[in-house]
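# here are the coordinates; sequence isn't available:
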């Protein structure tokens, strides 16, 4: 048994999971469909606690008239964030955040926030987010646009100042939280970023730079249908969009004198505009541009999203049952790209270790686990892990096996690894490595003294979760059926 170190990708992939356009889908389903974890899972929520209608979801508010667009409501139509003043850490989005981290992924949280909120309000949010390790927080995204409700409540200067205040609070009270600024992109006509002077202080204080730009988009959804006769959609050349993103980070480096990670927080092509096949082709083309670019300027991007009520998802929602998704051609294309080495985490082997072994989970790009060899003589019919040691059975674990990832919840007695072999046939004897990582058992990092993680002082516990591996699972590999009449 050797120690292993989990490290980052050349370009990481995050996945949107729920927004105004669809419900959250559980991580077990997504892992089963894609066979691999993401760096992070993107959630989108809104926070307007001063409004009299709060915390009713915006689209459920009776305004006395019919909405004319996706954002024609008192506040953004994401699900309400129930922490902060309410302090409901067993409500949305915390239950989903816990599940995401249990499955070895980071939380990427988008919050649209009333820009009239005070520093004291934001301190409450910072304390909410402390137990979630490295958390990527995007506040008031697409802030140079005019469609979101917060842009109708404040000037662009006030929005920039508000972001700076939020970033400063997070850096002081929750240093595990990394702030994403999603602002204007490069404009060829001016040679500058959109509103770059107003948002320059925000660019400087942010931890991560970001932009949103779809390859095609039906922005009239859900109020109309995109047709050749309508003007409710856009379609853009992939190479042109790619070049715009690159020019954006070059300009950001120039005007700030800094060099920070660049992410694309929302990216996809819209099946409403291009149809399902060209949608998949455009995304593959974009990802191959990233893969072949020697400059390696892009840190990560978020595929928006897993299941969508329109056609912006790997699945579309079954109109008869929102719990059911209908797979799109994009899912198979994206899955293949997701498993390519360029978009995969690196795992490096270390020295031999003995049991019990200390494991550390920092984040999805920084963890320490162990690996053992599994000898496989030919294509198996059974390949299973059994957890008979009681302490081991109680653990929350992630396994990497041949590039595929598997999850074991506390109390689970057996994990079947055969889904790997369904896609990868063994034609000669080989030795495979099983990597074992311990992720937070309840999704939270906890102080060593057992104090309340939402109230505890800043410390290493905010960035690292530790667990002791008492034993290894028993491995069953069989090549013949139990019986064959």
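That came through, no problem. Everything numeric in this text was worked out from a predicted model, so none of it was measured.

# any idea which residue of the protein is furthest from its center?
The centre of the chain is farthest from one residue, residue 485, which by CA atoms, centre = their mean lies 47.8 Å away.

# Now do that one, the pLDDT please.
pLDDT for residue 485: 90.

# And the strands in the stretch 151-300 of the chain?
For the stretch 151-300 of the chain, the strands defined by DSSP state E, counting those that start in this stretch occupy 177-182, 186-187, 192-193, 208-212, 216-218, 233-235, 262-267, 300-303.

# Residue 25 contacts residue 18, doesn't it?
Yes. At 7.3 Å, residue 25 counts as touching residue 18 under the criterion of CB atoms under 8 Å. In this view, the C-beta of every residue, glycine as well, is placed from N, C-alpha and C.

# give me phi/psi at the closest residue in space to residue 271 that isn't next to it in sequence?
In space, not counting the residues next to it along the chain, residue 271 is nearest to residue 311; the distance is 3.0 Å by CB to CB, 6 or more residues apart in numbering. Main-chain torsions, residue 311, degrees, to the nearest 10: phi -130, psi 40.

# Residue 311 and residue 326, how far apart?
10 Å (CB to CB, to the nearest Å).

# likewise residue 126?
40 Å.

# Could you check which of the two is surrounded by more residues?
residue 126 (19 against 12; other CB atoms under 10 Å).

# ok, now which ones touch the more buried one?
Going by CB atoms under 8 Å, 6 or more residues apart in numbering, residue 126 touches 169, 170, 172, 173, 174, 177.

# Compare these and tell me which has the most neighbours.
Result: residue 177 is most packed of those (other CB under 10 Å), 27 neighbours.

# what sits against that residue?
Residue 177 touches 126, 129, 135, 136, 137, 170, counting by CB under 8 Å, 6+ apart.

# Swap in 6 Å and give it another go.
129, 135, 137, 170 (CB atoms under 6 Å, 6 or more residues apart in numbering).

# coming back round to it: quick one: the residue farthest from the centre of the chain and residue 379, what's the gap?
22 Å.

# tell me the average confidence for the longest helix seen in the chain?
Looking across the chain with DSSP state H, the single longest helix is helix 271-292. The pLDDT scores in helix 271-292 average 98.

# And for that helix, what's in contact with it?
11, 215-216, 218, 226, 233, 235, 238, 242, 269, 298, 310-311, 328-330, 333, 337, 342.

# Swap in 8 Å and give it another go.
By CB under 8 Å, 6+ apart, helix 271-292 touches 10-11, 215-218, 221, 225-226, 233-235, 238-239, 241-242, 267-270, 298, 301, 303, 310-312, 316, 328-330, 332-334, 337, 340, 342-343.

# Mind listing what's buried along that helix?
271-274, 278-284, 286-287, 289-290 (16 or more other CB atoms under 10 Å).

# any idea which helix or strand carries residue 455?
In the assignment (DSSP states H and E), residue 455 maps to no helix and no strand.

# That one contacts residue 131, correct?
No. Contact criterion CB under 8 Å: residue 455 and residue 131 do not qualify, at 10.0 Å.

# on that earlier part again, distance of the residue nearest to residue 271 from residue 275?
With CB to CB as the criterion, residue 311 and residue 275 are 9 Å apart.

# Same check on residue 1?
50 Å.

# quick one: which helix or strand includes residue 350?
strand 346-352.

# partner strands of the helix or strand just after that strand, parallel or antiparallel?
Next along the chain after strand 346-352, taking DSSP H and E as the criterion, comes strand 357-363. The strands that strand 357-363 pairs with in its sheet are strand 366-376 (antiparallel), strand 465-469 (antiparallel) (by DSSP bridges).

# And strand 357-363, how far out from the chain middle?
The chain centre lies 21 Å from the centre of strand 357-363; the measure is CA atoms, centre = their mean, to the nearest Å.

# Buried residues, it. List them.
357, 359, 360, 361, 362, 363.

# So what touches that strand?
1, 3, 104, 106, 133-134, 367-370, 436-440, 463-469.

# ok, and the closest non-adjacent residue to residue 317?
Leaving out its chain neighbours, residue 317 is closest to residue 309 (CB to CB, 6+ apart), at 4.8 Å.

# and the one you found, what is it in contact with?
21, 22, 222, 316, 317.

# Pick out whichever of those sits closest to residue 445.
Taking CB to CB as the measure, residue 445 sits nearest to residue 22 out of these, at 29.2 Å.

# Tell me how many other residues crowd the closest one.
Neighbour tally, residue 22, other CB under 10 Å: 22.

# Pull the contacting residues for it.
305, 306, 307, 308, 309, 313, 317.

# That one and residue 35, how far apart?
22 Å.

# ok, now residue 1?
For residue 1, the distance to residue 35 - CB to CB - is 25 Å.

# Just want to know which of these two has more residues nearby.
The neighbour comparison of residue 1 against residue 35 (other CB under 10 Å) goes to residue 35, with 19 against 15.

# mind listing what the more buried one touches?
Taking CB under 8 Å, 6+ apart as the test, what residue 35 contacts is 335, 339, 404, 405, 419, 420, 423.

# mind listing which of these are in strands?
404, 405 (DSSP state E).

# Pick the one among the contacts of residue 35 closest to residue 254.
Closest to residue 254, out of all of the contacts of residue 35 and judged by CB to CB, is residue 339, at 36.0 Å.

# Looking at the buried residues of helix 271-292, which two lie furthest apart in space?
272 and 290 (24.3 Å).

# which stretches of the chain form helices?
27-34, 94-102, 119-129, 156-173, 196-205, 238-256, 271-292, 329-338, 390-393, 418-423.

# To residue 478, which of these lies closest?
That would be helix 418-423 among those, by CB to CB, at 10.5 Å.

# how far is the closest one from where the chain is centred?
That offset, for helix 418-423, works out to 25 Å (CA atoms, centre = their mean).

# Check stretch 252-266 too.
Using CA atoms, centre = their mean, the offset of stretch 252-266 from its chain centre is 19 Å.

# got a list of contacts for it?
Residues contacting stretch 252-266 (CB under 8 Å, 6+ apart): 14, 16, 42, 108, 110, 138, 141, 180, 182, 193, 196, 200, 203-204, 206-214, 245, 248-249, 297-302, 304.

# Try it again at 7 Å.
138, 141, 180, 182, 196, 200, 203-204, 207-212, 245, 249, 297-302, 304 (CB atoms under 7 Å, 6 or more residues apart in numbering).

# swap in stretch 136-154?
Contacts for stretch 136-154 (CB under 7 Å, 6+ apart): 40, 71, 75-76, 106, 108-116, 129, 156, 159, 163, 166, 170, 177-180, 182-184, 194-195, 208, 210, 212, 265.

# Give me the buried stretch members for it, please.
So, applying 16+ other CB under 10 Å, buried residues of stretch 136-154: 136-144, 148-151, 154.

# likewise stretch 469-481?
469, 471, 472, 473.

# now that stretch: mean pLDDT?
97.

# how distant is that stretch from the center of its chain?
32 Å.

# ok, back up a step: which pair of the contacts of residue 22 spans the longest distance?
Longest span within the contacts of residue 22, CB to CB: 306 and 309, 12.0 Å.

# Now do the contacts for the residue lying closest to residue 183 once chain neighbours are set aside.
Nearest residue to residue 183, sequence neighbours excluded (CB to CB, 6+ apart): residue 199, at 4.9 Å. When contacts are counted by CB under 7 Å, 6+ apart, residue 199 is found next to 160, 183, 184.
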